[in-house]
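J.: Quick one: sequence plus predicted model below, questions after.
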Amino acid sequence: MGILSPWMLLGLLSVPTIVVLYLLRLKRRAVQVPSVLLWRQVVDDHQANAPFQRLRRNLLMFVQIVVALLLVGAAVRPYKLVPGMGGKRTVVVLDASASMQATDVKPNRFEGARAVVRRMIDHLGPGDQMALVVVGQRARTACSLTANRQTLRAALAGVAAEDTHGNLKDGAAVAGALAAGKEAAAVFVTDAASAEVEEVRLGKLDPTLVRVGTRARNVGLTALSARPSPERGRVPLVYCQLQNADSVAHTVTLEFHQGPRLVDAREVSVPAGGSKPLLLQDVPVQSGLLRAHIRERDDLDVDNDAYVFLGSGKALRVLVVSAGNLFLEQALPIDPGVSVERVAPADFDGALQFDVAVLDKCAPPELPPGNYLFVAKPSGERSPLRLGAEVEDPAVVDALKEHPVNQFVDWPRVHFAKARPGRLGPGAKALVETRTGALVAAQQTGEHRSLALAFELTDSDLPVRADFPIFIANALNWLSGGMQRASSLTRTVSTGTVVATNGEVTADYPEGSHRTLTDASRAAVLCPLRVGVYHVKREDGSLDIAANLLDEAETNLRPGDSLRFAHQEVKQHLSPALVKSELALWFLLAALAILTGEWWLYHRRP
């Protein structure tokens with residue numbers, strides 16, 4: 001609380017003035033009377049006008065004093081601090097990623113963040129404008145700049161948290177676009193647990209961090225895969241990783257289910273703030289869907305489940321078209337579930353009988369449909385990348401970490417002597433970027449996928465890093481559609497991944513809803529935002545799509561204390577920006593109510 005016009009406290013002098021006036025209010029004229037015996041009351045009133053006499057009780061005088069005090073209270077302009085913008089243009093960036101579903105804030109972090117934004121909307125003042133940007137896997141504008149509270153409330157009520165990675169970087173970019181280059185405040189309402197905004201330039205945005213979240217009590221699944229074991233026949237090798245975000249160690253029960261049947265359960269101890277990788281060779285499962293589940297409840301449930309499809313044990317067939325590449329020849333056979341054949345570029349006549357073809361420094365202009373990894377010289381319509389000019393010492397400025405190909409690959413630490421960063425082909429996506437173009441790009445067309453590298457392996461230190469075999473394994477797994485390649489009726493994706501197909505398509509969602517995905521152009525797009533299995537029905541059959549979170553950043557619930565942007569660090573604020581809300585109107589209304597009541601009582605008396 002405070003006052004904006006303290007000099008108006010001089011108005012309190014009106015209170016003793018009222019009292020003095022009541023003491024001196026009687027003005028009598030002298031009148032001759034035959035006797036004063038019956039005028040004793042007149043004499044008493046006359047004595048009351050004398051100085052230092054006791055003031056008699058008078059209700060009307062007290063009413064006038066109260067009204068005077070209220071008017072002085074309004075004149076000094078009292079205020080209190082409330083969440084608000086104070087006449088600013090404000091863009092609220094609301095984090096809707098998986099970690100915002102943590103229940104350390106009741107009922108969860110996202111609802112706590114929604115309550116913060118709702119209070120900001122309630123305190124919009126004259127001249128204030130607000131926009132709402134919601135950030136999950138992608139950033140989207142829920143409401144453009146407006147002063148209409150109802151519009152903002154409706155937009156806020158229509159958003160929900162997703163089981164996806166959070167992309168605050170895109171949220172900051174959208175906020176800047178909404179501000180249109182003008183000065184504006186940007187309020188980031190987030191747990192700041194996985195903020196990757198170091199390269200974001202805010203321009204004229206004035207940022208504020210409102211943090212939600214208090215602790216990191218969570219153990220979650222961050223990796224799950226399976227591959228056939230050549231030594232054990234149909235029994236697969238199951239690899240999974242558990243991560244503990246808490247500051248103390250936890251022992252949890254890891255279960256494996258096939259349908260309603262529990263096929264395996266074991267206790268796993270996960271160190272404090274660390275992870276526990278497991279390679280299991282004795283899980284008694286067959287081909288089909290395998291669900292891994294952490295039984296214990298903690299602050300986040302969405303990372304307690306993950307799915308993988310088990311093939312029939314058939315090895316992945318890979319054709320390497322190369323004049324000779326020692327690095328590829330050493331990395332590809334590391335996976336026992338991969339069968340590799342090599343041919344010279346002159347002998348290559350197609351790869352229809354192979355699951356993946358690796359084209360090393362060669363790319364025929366015309367290729368049949370298939371899954372291709374282009375190394376160094378991508379070209380043709382099957383390539384997702386069009387090479388640009390040669391650049392020396394290109395630095396990686398961005399890597400799409402959530403893409404399966406980039407998992408556990410630290411691209412910013414890879415050094416390139418030279419490369420030819422290029423532009424993307426139709427429908428392609430940049431996985432690794434430099435300032436002059438894409439270094440790694442991916443593309444999916446129908447059931448076929450392709451991946452392209454804009455550099456020769458010998459022109460980088462990638463082949464001598466531990467990341468290289470991981471990258472090769474990720475690339476083969478993604479290009480083949482994972483282990484589910486043995487059955488074209490199943491596949492696994494990360495939540496937030498766009499799956500496109502054609503024709504009449506419907507889908508049954510994990511929460512039980514049924515939706516039609518086909519639009520007027522007969523294109524169908526599925527973007528799973530919840531962990532679970534999606535049953536997709538197409539004209540040529542059905543397809544089961546399992547969506548997993550498997551994200552270390554989202555499993556790590558530890559709230560951040562700041563957001564580090566390119567040129568500034570924004571510290572945590574326990575509340576949004578506070579502005580002065582004046583209370584003078586309430587004082588005036590109270591005075592008016594008292595005067596109205598006095599007037600009504602005066603005219604009601606007989």
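T.: Happy to help now that I have it.
J.: any idea how far R382 lies from P426?
T.: Plainly put, R382 is 11 Å away from P426 if you go by C-beta to C-beta, to the nearest Å. Any C-beta I mention is one placed from the backbone N, CA and C, and that applies to glycine too.
J.: So the two - more neighbours on which side?
T.: Neighbours per residue, other C-beta atoms under 10 Å: of R382 and P426, the larger number sits with R382, 25 against 8.
J.: Check the secondary structure at that one for me.
T.: Following DSSP: H, G, I helix; E, B strand; the rest coil, we place R382 in the coil state.
J.: wait, doesn't S379 sit right on L387?
T.: Yes. S379 is in contact with L387 according to C-beta atoms under 8 Å; the separation is 7.5 Å.
J.: okay, these two: which has more neighbours?
T.: Using other C-beta under 10 Å as the criterion, S379 and L387 rank with L387 on top: 21 against 17.
J.: which residues does that one contact?
T.: Listed by C-beta atoms under 8 Å, 6 or more residues apart in numbering, the contact set of L387 reads 377-379, 420, 422, 454.
J.: mean confidence score for the longest helix seen in the chain?
T.: Of all the segments of type helix in the chain, defined by DSSP state H, the longest one is helix 584-604. Averaged across helix 584-604, pLDDT comes to 87.
J.: Span of stretch 357-370 from start to end?
T.: 8 Å (C-alpha to C-alpha, to the nearest Å).
J.: So what touches it?
T.: By C-beta under 8 Å, 6+ apart, the list of residues contacting stretch 357-370 from outside reads 318-323, 325, 328, 332, 345, 348, 350-352, 354, 356, 371-383, 446, 448, 456.
J.: Among those, name the ones in helices.
T.: Among the contacts of stretch 357-370, DSSP H puts L328 in helices.
J.: Out of the contacts of stretch 357-370, which end up buried?
T.: In terms of neighbour count (16 or more other C-beta atoms under 10 Å), the buried residues within the contacts of stretch 357-370 are 318-322, 325, 328, 332, 348, 351, 354, 356, 371-379, 382-383, 456.
J.: Could you tell me which of those belong to strands?
T.: Counted as lying in strands by DSSP state E, out of the buried ones among the contacts of stretch 357-370, are 318-321, 356, 372-375.
J.: As TSV, the contacts of L387 with distance to P510 and pLDDT would be great.
T.: Listed next are the contacts of L387 as TSV, based on distance: C-beta to C-beta, whole Å; pLDDT from 0 to 100:
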residue	distance to P510	pLDDT
K377	43	82
P378	37	82
S379	41	79
R420	43	93
G422	39	91
A454	38	93
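J.: can these go into CSV with extra columns for distance to A442?
T.: Shown next, in CSV, are the contacts of L387 (distance: C-beta to C-beta, whole Å):
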residue, distance to A442
K377, 17
P378, 11
S379, 16
R420, 17
G422, 14
A454, 12
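J.: Out of the residues you listed, which comes closest to G73?
T.: Distance to G73, by C-beta to C-beta, is smallest for G422 among these, at 70.2 Å.
J.: can you map out the helices along this structure?
T.: Under DSSP H, the chain gives helices at 14-23, 40-48, 59-75, 109-122, 149-157, 168-179, 326-331, 467-479, 552-555, 584-604.
J.: Nearest to E504, out of those helices?
T.: Checking those against E504 by C-beta to C-beta gives helix 467-479 as the closest, at 27.3 Å.
J.: Which residues does the closest one contact?
T.: 225, 316, 318, 327-328, 331-332, 334-335, 338, 355-356, 371-373, 403-411, 414, 442, 449-451, 462, 483.
J.: got it, and stretch 141-151?
T.: For stretch 141-151, the external contacting residues (C-beta under 8 Å, 6+ apart) are 89, 91, 94, 121-122, 124, 127-134, 152, 155-156, 158-159, 174, 178.
J.: Let me know the angle separating the longest helix of the chain from helix 59-75.
T.: 160 degrees (axes from the mean of the first three to the mean of the last three C-alpha atoms, to 10 degrees).
J.: just checking, what packs against helix 584-604?
T.: Helices and strands touching helix 584-604, by 3 or more C-beta pairs under 8 Å, 6 or more residues apart in numbering; DSSP states H and E, are helix 59-75.
J.: just how off-centre is the helix it packs on within its chain?
T.: Here helix 59-75 is found 53 Å from its chain centre; the criterion is C-alpha atoms, centre = their mean, to the nearest Å.
J.: what helices or strands is that helix leaning on?
T.: Under the contact criterion of 3+ C-beta pairs under 8 Å, 6+ apart, helix 59-75 touches helix 14-23, helix 584-604.
J.: and the angle from it to helix 14-23?
T.: Using the same axes, to 10 degrees: helix 59-75 against helix 14-23 is 160 degrees.
J.: What residues sit buried inside helix 59-75?
T.: By neighbour count with 16+ other C-beta under 10 Å, helix 59-75 contains the buried residues 61, 64-65, 67-75.
J.: Show me where the stretch 501-606 of the chain has its strands.
T.: Assigned by DSSP state E, counting those that start in this stretch, the strands in the stretch 501-606 of the chain fall at 506-508, 514-516, 523-526, 532-538, 541-548, 562-564, 569-573, 578-582.
J.: Redo those as CSV? Include distance to A216.
T.: Converted to CSV, the strands of the stretch 501-606 of the chain look like this (distance: least, C-beta to C-beta, whole Å):
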stretch, distance to A216
strand 506-508, 34
strand 514-516, 35
strand 523-526, 32
strand 532-538, 25
strand 541-548, 21
strand 562-564, 16
strand 569-573, 15
strand 578-582, 28
